[in-house]
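In: Quick check, what structure comes out for this input:
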Amino acid sequence: MSSALIVNPRASRVTPELTVGVEQALAAGGDVDTLITEGPRHAADLAATAANTYGRLYVFGGEYFDNGGRVHPEAW
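Out: Reported below is the predicted structural model:
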């Protein structure tokens, strides 16, 4: 099952090194395509499109995600 990883590279705790680590961890379960956000609310557009293409969606983001992995409403 293919997966997409949506990454916000501008998030304060997202680094290229951590992104590679997440990609490697997810790749243990199959193919992963990384999609990079380009601005505010772009993650929502990427997710909407990716939902029709990928079996799984993962998000590596910043400020709009809490520790439980839930998305705050302002993000969408």
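In: Grab the nearest non-local neighbour of T53.
Out: A4 (7.3 Å; C-beta to C-beta, 6 or more residues apart in numbering). C-betas here are computed from N, CA, C, even on glycine.
In: Pull the contacting residues for the one you found.
Out: For A4, the contact set (C-beta atoms under 8 Å, 6 or more residues apart in numbering) comprises 32-35, 46, 50, 53-54, 56-58.
In: Measure how buried the nearest residue to A51 once chain neighbours are set aside is and give me the count.
Out: Nearest residue to A51 in three dimensions, chain neighbours excluded: L57, at 6.5 Å (C-beta to C-beta, 6+ apart). Using other C-beta atoms under 10 Å, L57 has 15 neighbouring residues.
In: next one: G55
Out: 11.
In: Number of residues surrounding the closest residue to it other than its chain neighbours?
Out: Spatial nearest neighbour of G55, chain neighbours left out: M1 (3.7 Å); criterion: C-beta to C-beta, 6+ apart. By other C-beta under 10 Å, 8 other residues sit near M1.
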